[in-house]
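Asker: My questions are about this predicted structure, shown below with the sequence.
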Protein chains: 2
Amino acid sequence: MRIGSPANTYLHMPPAKARRSVNRRVTVRDVAARAGVSQPTVSLVLGGHPRARVATETRERVMAAAAELGYRPNVIARGLARRRSYAIGLLVPDLRNPFYAEIVSGAERVAAQEGYAVLLCDASEVGPHRHLETLRERLVDGIILDAVGASELGEAALEGLNVVFIDEPSSRVPFVASDATGAGRLAAQHLIALGHRRVAFMGPAADVYAFRMRERGFVQAMRVAGATFDSERVRRAPATVAGGMAAMRAMLALGVAQRPTAVFCANDLMAVGALKACAAAGVQVPRDLSVVGCDDIELATLVTPELTTIAVPARELGARAARTLIRLLPGDAEARGPEGRGPETRGPEPRTGPRSLPRAVPVKLVTRGTTARVPEEGTGPGRAT
Amino acid sequence: MRIGSPANTYLHMPPAKARRSVNRRVTVRDVAARAGVSQPTVSLVLGGHPRARVATETRERVMAAAAELGYRPNVIARGLARRRSYAIGLLVPDLRNPFYAEIVSGAERVAAQEGYAVLLCDASEVGPHRHLETLRERLVDGIILDAVGASELGEAALEGLNVVFIDEPSSRVPFVASDATGAGRLAAQHLIALGHRRVAFMGPAADVYAFRMRERGFVQAMRVAGATFDSERVRRAPATVAGGMAAMRAMLALGVAQRPTAVFCANDLMAVGALKACAAAGVQVPRDLSVVGCDDIELATLVTPELTTIAVPARELGARAARTLIRLLPGDAEARGPEGRGPETRGPEPRTGPRSLPRAVPVKLVTRGTTARVPEEGTGPGRAT
DNA sequence: TTGTAAGCGTTATCAC
DNA sequence: GTGATAACGCTTACAA
């Protein structure tokens, strides 16, 4: 609903236009008139170019006029002229997944601080291609893509766009990623230290890089430690609570002798589902079975017992992605130094190589209540330290 | 990173400009040239005005040319000319709160379907005023404000904006709200039916409408049922897990005789915190104490025992807010019928009255594992049905 | 039915 | 330093 109407700044205009401008915003023109300077001068002063050469006296007059009139730049118009929208797109698989919510939160924060708007796209219902299309039409300066591989999208969908991936390493696109292999390795090492040798992994069949690497890191570390790990030991299910529940149910259907003594889940959501299935089946965690999750979302501390997991700094990931993307963009107006490669180029050249190859952001083991020494070999059930 | 470069559409332009246009997008002009019609004609055909009067033959030529050239409208430019950005702002207190994530998810979905972009603003770090300011500069067509009262913002902050509130009834601004009083009442009635008379409420001190009303509905229904309810029975704490934990700890510090037999929490987050505090203190839920939450976020089913709560359809709330807002906007290009009040007006007039006064979206009790008959009076502990 | 002309609000290029 | 003038890509009277 339109509330009230702006203070009517009566304009120096022919009467014909006066009626029409009742609801008009104040523009650079108005400011120029008021300050008694030319319109482009106002643009120079207010345009964000901090060290533009304009007399201090003039500058002050302009600023004063702008303030008095309550001038607000029209970012749309600026975008058209500068061919830059100062907006970035953020495409995530599903906002309702707390892990992605964290990522969005982190990215939004730095974007807002840097003066960029965030166009949020949730791919869970509308589909990535359509979103990408609308982001294109809106001329976003860049896009952050989370867990949506270029492979599935096709080269063409990203052509001509400034893109940063999250958790999807690529040789042609800058990315930001957590140490997914390390996460799997940490989980394995923790379980091995607790004496577990017969372990399982549960994760989605979907080809999402982070999940794949968590699995790989886990399996490799397990094998290195001499634990057997054949294909029966991995269970496929969606990376959701329901998926984890189903996978665990299936796993428990195995006889207790066959059953693994510990399981690593591709993410916390699955782990929590697994926990639920255990509770339902009367299997006590961690006495009868150890469970390790991954991500360390808040939920991990809310279940009983609290979930042992590998902490992945999702918010930081989102923040880094935003920073990486924004740094990629041609020099900002806000005094970002003379590193911009001139305004005549529409976007930066492809930048492969070291600068865009970030180190993976580190993960760490958080030991809580769902892991314990393996019953058969340990000195009896007990909390892990 | 900029990937590849668009198919170079060589343009009928003086060589001086040719170099510059290497990376150029194809515009209406190009399409016009290709189709052999004037530029405005293209605009007419492609401009979304479905029943614009243009010869079928011409229209087809234009469409063909556009397709061949891979024309994509520039929404920024269109926005400038139409004085409409086809974008809406969405301001929430904190994306990491699953309840708000649901709301955003719902709003984003319908916005995307209706062809609007969503500018996401998380007020947890940057502050609502700053966000509102940037949304203004971006000329969003409207804004959805969640749990951010106009009272705290000040009239001026919203002046001249199309706004829809979520969970913040107002006589001047359209809003969408859940039946918060009803939620409190349902909780009370449930507890009363289980025999509870000594009950408590925990909620934030912050002046958020929905929380206030949940409390009011609860207290009133309790009093109606003849239960005592004095001010000692309400505990103030932030509506978070930590808040709920602290509040419950304090409550448990009361002697067991003083202590209430049941507590209603302003939201599920608090309830889960309360549950944790109980577990830590060795208080068994629901045997020793019943707990009712509010919202029914996914988390409610993930704790043990599962949380009895009042379901609030957050996603639906978000979706409705978006629909309400979009309906408010002047007639869309996409054949929304001739109801728009002419394009010469910059936005609709204030519309108070019936059309903008939606019925509250209904809530309902979801009985799970954290409520049971009151121990002293019932026939012993037992699950509620 | 189609084309011509005039913006929308801002930035950028140059002479002055 | 400053101020005309021409874009930016699209829309929309109004004229043909």
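Answerer: Arrived safely, thanks for sending. Just so we're clear, the structure is a prediction, and the values are computed from it rather than from any experiment. Numbering: from 1, shown residues only, chains lettered A, B, ... in the order given.
Asker: Quick check: residue A:92 touching residue A:121?
Answerer: Yes - Residue A:92 sits in contact with residue A:121 when judged by CB atoms under 8 Å, with a separation of 7.3 Å. All C-beta atoms are positioned from the backbone trio N, CA, C, and that covers glycine.
Asker: Just the element for residue A:206, please.
Answerer: Here residue A:206 is covered by no helix or strand, with elements defined by DSSP states H and E.
Asker: Give me the buried stretch members for the strand or helix carrying residue A:210, please.
Answerer: Using DSSP H and E, residue A:210 maps to helix A:209-224. Neighbour-count burial for helix A:209-224, counted by 16 or more other CB atoms under 10 Å in any protein chain shown, picks out A:209, A:210, A:211, A:212, A:213, A:214, A:215, A:217, A:218, A:219, A:221, A:222.
Asker: tell me the contacts of the fourth one?
Answerer: What that stands for is residue A:212. residue A:180 (CB atoms under 8 Å, 6 or more residues apart in numbering or on different chains).
Asker: coming back round to it: could you dump the buried residues of helix A:209-224 into a markdown table and include distance to DNA strand D and pLDDT?
Answerer: Formatted as a markdown table, these follow (distance: CB to the nearest atom of the strand, whole Å; pLDDT from 0 to 100):
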| residue | distance to DNA strand D | pLDDT |
| --- | --- | --- |
| A:209 | 36 | 93 |
| A:210 | 38 | 95 |
| A:211 | 40 | 96 |
| A:212 | 41 | 95 |
| A:213 | 41 | 96 |
| A:214 | 44 | 97 |
| A:215 | 46 | 97 |
| A:217 | 47 | 97 |
| A:218 | 50 | 97 |
| A:219 | 51 | 95 |
| A:221 | 53 | 96 |
| A:222 | 56 | 94 |
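Asker: Identify the farthest-apart pair in those residues.
Answerer: Farthest-apart pair in these is A:209 and A:222; separation 20.2 Å (CB to CB).
Asker: What distance do you get for the nearest residue to residue A:286 once chain neighbours are set aside to DNA strand C?
Answerer: Excluding the flanking residues, the one nearest residue A:286 by CB to CB, 6 or more residues apart in numbering or on different chains is residue A:372, at 3.7 Å. Separation of residue A:372 from DNA strand C (CB to the nearest atom of the strand, to the nearest Å) stands at 62 Å.
Asker: Residue A:372 contacts residue A:287, correct?
Answerer: Yes - applying CB under 8 Å, one finds residue A:372 in contact with residue A:287, separated by 6.6 Å.
Asker: and these two? which has more neighbours close in?
Answerer: The neighbour comparison of residue A:372 against residue A:287 (other CB atoms under 10 Å in any protein chain shown) goes to residue A:372, with 27 against 13.
Asker: Which strand residues bridge the more buried one?
Answerer: Counting by DSSP bridges, residue A:372 is bridged to residue A:383.
Asker: Let's see the pLDDT reported for it.
Answerer: Residue A:372 carries a pLDDT value of 98.
Asker: quick one: the helices in the stretch 201-350 of chain A?
Answerer: Secondary structure of the stretch 201-350 of chain A (DSSP state H, counting those that start in this stretch): helices located at A:209-224, A:241-253, A:268-281, A:314-328.
Asker: Just the CA atoms of the third one, as CSV, please.
Answerer: C-alpha atoms of helix A:268-281 as CSV (Å, rounded to 0.1, in the frame of the first residue of the first chain):
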residue,chain,number,x,y,z
ASP,A,268,23.4,-33.4,9.9
LEU,A,269,19.9,-33.7,8.5
MET,A,270,20.5,-37.3,7.6
ALA,A,271,22.2,-38.0,10.8
VAL,A,272,19.2,-36.7,12.8
GLY,A,273,16.9,-38.9,10.7
ALA,A,274,19.2,-41.8,11.4
LEU,A,275,19.0,-41.0,15.1
LYS,A,276,15.2,-41.0,14.9
ALA,A,277,15.2,-44.4,13.3
CYS,A,278,17.5,-45.7,15.9
ALA,A,279,15.3,-44.4,18.7
ALA,A,280,12.3,-45.9,17.0
ALA,A,281,14.0,-49.3,16.7
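Asker: Any part of that helix near chain B?
Answerer: Yes - under the criterion of CB under 8 Å from any CB of the partner chain, chain B is reached by helix A:268-281 at A:272, A:276, A:279.
Asker: I figured the last one hits residue B:305, correct?
Answerer: No - at 9.8 Å, residue A:279 and residue B:305 do not qualify as touching, with contact defined as CB under 8 Å.
Asker: okay, these two: which has more neighbours?
Answerer: For residue A:279 versus residue B:305, the count of surrounding residues by other CB under 10 Å is larger for residue B:305: 18 against 15.
Asker: what's the nearest residue to the more buried one if we skip its chain neighbours?
Answerer: residue B:369 (2.9 Å).
Asker: Just give me the neighbour total for that neighbour.
Answerer: 17.
Asker: Please report how far it lies from residue B:290.
Answerer: Here the distance between residue B:369 and residue B:290 works out to 10 Å (CB to CB, to the nearest Å).
Asker: do residue A:119 as well
Answerer: Taking CB to CB, one finds residue A:119 at 45 Å from residue B:290.
Asker: ok, now residue A:368?
Answerer: On the measure of CB to CB, residue A:368 and residue B:290 end up 27 Å apart.
Asker: Tell me which of the two has more neighbours.
Answerer: Remark: of residue A:368 and residue B:290, residue B:290 carries more neighbours, 26 against 20, as counted by other CB under 10 Å.
Asker: ok, now which ones touch that one?
Answerer: B:191, B:194, B:196, B:261, B:262, B:263, B:308, B:370, B:371, B:372, B:374, B:384.
Asker: That'll do, ta.
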